[in-house]
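1. Quick one: sequence and predicted model below, then my questions.
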Amino acid sequence: MEIIGDLLKTLLLTAGDLLPIILLFGFFQIFVLKQAIDNPRKIFVGCLYVFIGLTLFLAGLDKALFPIGEIMASQLTDPAFLGLENNPDLSVDWKSYGWVYLFAAAIGFSTTIAEPSLIAVAFKASEVSGGAISQRGLRMTVAIGVSFGICLGSFRIITGTPLYLYILAGYCIVIFQTFFAPRSIIPLAYDSGGVTTSTVTVPVVAALGLGLSSSVPGRNPAIDGFGLIAFASLFPIIAVLGYGQFSQWQSSRSKQPKKERKDEI
Amino acid sequence: MNLSKTLLYIYDKSRQSATDLLPIILVITFFQLVIIRQPLPQLGTIFIGTIMVIMGLSMFIQGLEMALFPLGENMAQALTRKGNLFWLLLFAFTLGFSTTIAEPALIAIAGKAAEIAADAGLIDSDTSRVSSYALGLRLTVAGSVGCAIVLGVLRILLNWPIHFLIIGGYIMVMVITTIAPPEIIGIAYDAGGVTTSTITVPLVTALGVGLATIIRGRNPLLDGFGLIAFASLLPMIFVLLYGIAVFGMR
C-alpha cells in the first residue's frame, strides 16, 4: 500500500518534470517550424512510456539503489567488521579501510566497462583516429581510470582532505596533457568525462559517498559526502588523453626505425 | 504498432537494462556473501525496487527512442537548415534546459543534497524549504546546461578552439571555489557529471553533429563533439554561485 502511495506522488512530480520538454517541442513544432508531426500516435505512446518509465525508475531508486549503497558503506565501515571494536578513541586510520577501497574500485570498474555510452564513444574514437586507438584498449583505460578515481575519492572522504585540492591537481594534469595530446582526441576526451557516469551509476556512487561520510567517525555528510562523481568524471579525461598520447608515441616509435634504415641506404 | 510487438520491445530493453545493472549486482553479492557475511536488511523491498528500476529505465529509454529522439533530431536539422540564428540559439537554450530538468540522475541527486543540507541544519528542515532548495539546485543546473549548449553552438558556428574555452572554464571553477562555502563544493563538482546522461547526451549530440554537418568546413566528428564538455563544465560554475547565493560567501 505504501509503495502505491509513493508511486502516485512520484507520478505527479514526474509530470511536472516532463512538462518543459513537451512545451518546448510543441512550441517549436507549431509556431516556428509550422509542420505537422509525423506519426503522432507513436509519439504519444512514446511520451507515455517516458512518463511511466521515469516514475518507476525514480520510485525504485528510493527503494533499492540508494539504500543499498548506504547499507554497504555502513557495513564496510562498521568497527566490528574492521576489528576495531577494542579501539575506544575511534581515531581514523585510513589504512584500516582496505575493503572500502576494493569495493569502490570494483564498483567503478564493473559499471564503466558495461556502460553503453562508453561503448559508443570508444567506437567513435577508433573511427576518428583511423584505428590507432583500439576500442577495447580505450574502454579498459577508461574503466581503470574510473575505478582509480572512485577509489581515490573514497580515500579523500575517509581522510577528510579538501576536495578542491584533488580536483585542482587533476585539472592541472588535464591542461598539461592537452598541450601534448593529438588534436583529434581532445574534444572526445573532454566529452568522455561526462559520459561515463550513467543514470544507474550516479545514485549508487553518490549513496556510497554519503554512507561513507556518515559512518566514518569525524566526517560530515554535508561537507564530505559529495564529490565521488566528480572524481569519476575527471579521471576518464586524463585516461583518454593519456591513451591518445600513448598510441601516438607508439605509432611514431614504430615508424622511426624504418626511417633510419632508409637513411642508411 | 500492436501491443505484443511493443511488449517484446520492452522485454528486450529490460534485458539490456538488466545487463547494465548486472555488474553492480555481482559486485554487491560478492561483497555480501564473501567479505561482509551479514544479512542485507530489507532484502524484499530492495528486490522490488531493483525490478522497478530495471522496468522503469527500459520503458523510459524505449519511450525516448520512440518519441523524443526523432522529434529532437528532426527539429535540430530543420532549425539549422532554416538558418535563423535567433531561433537556433533559443532552441539550443531551451533544449539544454528542458532535458536537464527531466534528467533522472539529477532529480535523485538534488533530492539527496537537500535532505543532507536539512539534516546538517544548513537550511530549515520543513518540507517546503527542502523541496524549494532541491528545485533551486535543479533550475540552476538546467539553466547552466542551457547556457552551455548556446555556448557550444556558438563555438561550432564561429569555430572557436575548444581547449581555450575549457581551460578558461577550469580556471574560473578554481577561482570561484576559493570564495564558495565548503558545503556546496562537493555537490557543485558532482553536478558536472550528473547532468549529462540519458536524455541530454543523445539530443545534444544530435544538435551538434547536425550543425557541424550543415555548415561548410566543419568536421562532424571533431566539431560535433564538445557540446557535452561545456554541459559538464558550466554547471559546476553555476552551482558554486548558487551556493554563494544561498549560504553566503566563505
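-> Perfect, thanks for sending it.
2. which helices and strands sit right next to the lengthiest helix in chain A?
-> Ordering each helix of chain A by length in residues (DSSP state H) puts helix A:228-264 first. In terms of contacts (3 or more CB pairs under 8 Å, 6 or more residues apart in numbering or on different chains; DSSP states H and E), helix A:228-264 is packed against helix A:135-159, helix A:163-180, helix A:186-195, helix A:201-215, helix B:182-194. From N, CA and C alone the C-beta is placed, and that goes for glycine too.
3. what distance separates that helix from the centre of its chain?
-> 23 Å (CA atoms, centre = their mean, to the nearest Å).
4. Buried residues of it, list them for me.
-> Buried residues in helix A:228-264, counted by 16 or more other CB atoms under 10 Å in any protein chain shown: A:228-244, A:247-248.
5. between it and helix A:135-159, how many degrees?
-> Here helix A:228-264 runs at an angle of 140 degrees relative to helix A:135-159 (axes from the mean of the first three to the mean of the last three CA atoms, to 10 degrees).
6. mean confidence score for helix A:228-264?
-> Averaged over helix A:228-264, pLDDT sits at 75.
7. Can you report phi and psi for the residue lying farthest from the centre of chain B?
-> For chain B, the residue at maximal distance from the C-alpha centroid (CA atoms, centre = their mean) is residue B:37, at 36.0 Å. The phi/psi pair for residue B:37 (degrees, to the nearest 10) reads phi 50, psi 50.
8. likewise the one 4 residues further on?
-> Torsion angles at residue B:41 (phi, psi; degrees, to the nearest 10) stand at phi -70, psi 150.
9. Next, count neighbours for the nearest residue to it once chain neighbours are set aside.
-> Nearest non-adjacent residue to residue B:41, counting by CB to CB, 6 or more residues apart in numbering or on different chains: residue A:71, 6.5 Å away. Per other CB atoms under 10 Å in any protein chain shown, the neighbour tally for residue A:71 reads 20.
10. need the contact list for residue A:71.
-> Each residue near residue A:71 by CB atoms under 8 Å, 6 or more residues apart in numbering or on different chains is listed here: A:211, B:40, B:41.
11. can you pick the most crowded of these?
-> Busiest of these [other CB under 10 Å] is residue A:211, holding 25 neighbours.
12. which residues does the nearest residue to residue A:211 once chain neighbours are set aside contact?
-> Leaving aside its chain neighbours, residue A:211 sits nearest to residue A:73 (2.7 Å; criterion: CB to CB, 6+ apart). Counting by CB under 8 Å, 6+ apart, residue A:73 touches A:100, A:207, A:208, A:210, A:211, A:212, A:215.
13. I'd like to know how far the residue lying closest to the fourth one once chain neighbours are set aside sits from residue A:69.
-> Spelled out, that is residue A:210. When the adjacent residues along the chain are set aside, residue A:210 lies closest to residue A:225, with 4.3 Å between them (CB to CB, 6+ apart). According to CB to CB, to the nearest Å, residue A:225 stands 11 Å off from residue A:69.
14. Report the buried residues of the lengthiest helix in chain B.
-> Counting residues, the longest helix found in chain B (DSSP H) is helix B:127-158. For helix B:127-158, burial by neighbour count (16+ other CB under 10 Å) applies to B:130, B:133-134, B:137-153, B:155-157.
15. What residues sit buried inside the following helix or strand past that helix?
-> From helix B:127-158 onward toward the C-terminus, using DSSP states H and E, the following helix or strand is helix B:162-179. Buried residues in helix B:162-179, counted by 16+ other CB under 10 Å: B:162, B:163, B:165, B:166, B:169, B:170, B:173, B:176, B:177.
16. Give me the distance between the most centrally placed residue in chain A and residue B:174.
-> Central residue of chain A (CA atoms, centre = their mean): residue A:197, 2.5 Å from the mean position. Using CB to CB, one obtains 21 Å as the distance from residue A:197 to residue B:174.
17. if we can go back for a sec, just want the angle from the longest helix of chain B to helix B:162-179.
-> For helix B:127-158 against helix B:162-179, the angle by the same axes, to 10 degrees is 150 degrees.
18. by contact count, what packs against helix B:127-158?
-> helix B:85-101, helix B:104-119, helix B:162-179, helix B:182-194, helix B:200-214, helix B:227-247.
19. mind putting those in a markdown table, mean pLDDT included?
-> As requested, the helices and strands packed on helix B:127-158 are arranged in a markdown table below (pLDDT from 0 to 100):
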| stretch | mean pLDDT |
| --- | --- |
| helix B:85-101 | 88 |
| helix B:104-119 | 88 |
| helix B:162-179 | 88 |
| helix B:182-194 | 88 |
| helix B:200-214 | 75 |
| helix B:227-247 | 89 |
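20. Which among these is found nearest to residue B:74?
-> helix B:200-214 (9.4 Å; CB to CB).
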